[in-house]
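J.: Sequence first, predicted coordinates after that:
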Amino acid sequence: MSAGEPAYRIDFRVEPACVVADVTGWIDGVEPVIDLFRRSAETLRTARRDKLLVLDQTRGVVPPEPEMRRLLAVLEGSGLGGVRIAWIDVRGTAVGRIEVAEILGRERGYDVSVFDNEQRARIWLNYGQA
């Protein structure tokens, strides 16, 4: 990675039922998460999908609650309001901390849930229960 390049990578793929965002690398604050959601919103619009599956394989820092609140404020009106979002902490090491974002998102009307298991996340994403 050279100077100026992000320390994380987002690879999108469009599946019949959803868009999958596979995120790898290093997350060191809320800005990369804002970038992830902005790029996801654009990909969802282009693909005409209303479900997002985030495979979070990153290392780094889960932003604190004040930064999560800023994230949600920045994303207001981004087109994610009608999107069901399943966030998977693939490594399973930060689910509890990421759940803070789930709670804050739900308070603002987002349909989001955090998982440590892709199968359960896909069930919830498509059928509403895990």
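T.: In hand now; what should we look at? Numbering: from 1, shown residues only.
J.: can we go C-alpha only for contacts and neighbour counts from here?
T.: Noted.
J.: secondary structure class for Arg122?
T.: Using DSSP: H, G, I helix; E, B strand; the rest coil, the secondary structure recorded for Arg122 is helix.
J.: what's the burial count for it?
T.: With neighbours defined by other C-alpha atoms under 10 Å, the count for Arg122 comes to 20.
J.: Please apply the same query to Glu76.
T.: That count, for Glu76 with other C-alpha under 10 Å as the rule, works out to 11.
J.: How about the one 5 residues further on?
T.: Residue crowding around Gly81 was assessed by other C-alpha under 10 Å; the count is 17.
J.: OK, contacts around the residue lying closest to it once chain neighbours are set aside?
T.: When the adjacent residues along the chain are set aside, Gly81 lies closest to Tyr110, with 5.7 Å between them (C-alpha to C-alpha, 6 or more residues apart in numbering). Residues near Tyr110 by C-alpha atoms under 8 Å, 6 or more residues apart in numbering: 80-84.
J.: and if you look at Glu65?
T.: If you count contacts by C-alpha under 8 Å, 6+ apart, then Glu65 has 100-101 around it.
J.: Can you tell me how far it is from Ala17?
T.: 31 Å (C-alpha to C-alpha, to the nearest Å).
J.: Also Asp116?
T.: Applying C-alpha to C-alpha, one obtains 20 Å for the distance of Asp116 from Ala17.
J.: Tell me which of these two has more neighbours.
T.: The residue with more neighbours, out of Asp116 and Ala17, is Asp116; 18 against 14, by other C-alpha under 10 Å.
J.: wouldn't the more buried one be in contact with Asp89 here?
T.: Yes: applying C-alpha atoms under 8 Å, one finds Asp116 in contact with Asp89, separated by 5.0 Å.
J.: next one: phi and psi at the residue nearest to Gly81?
T.: According to degrees, to the nearest 10, the main-chain angles of Tyr110 amount to phi -80, psi 140.
J.: hmm, back to that, what's the overlap in contacts for Asp116 and Asp89?
T.: Val95.
J.: By mean pLDDT, which helix or strand of the chain comes out lowest?
T.: Of all regular secondary-structure elements in the chain, judged by mean pLDDT, DSSP states H and E, the least confident is helix 95-107 with a mean of 86.
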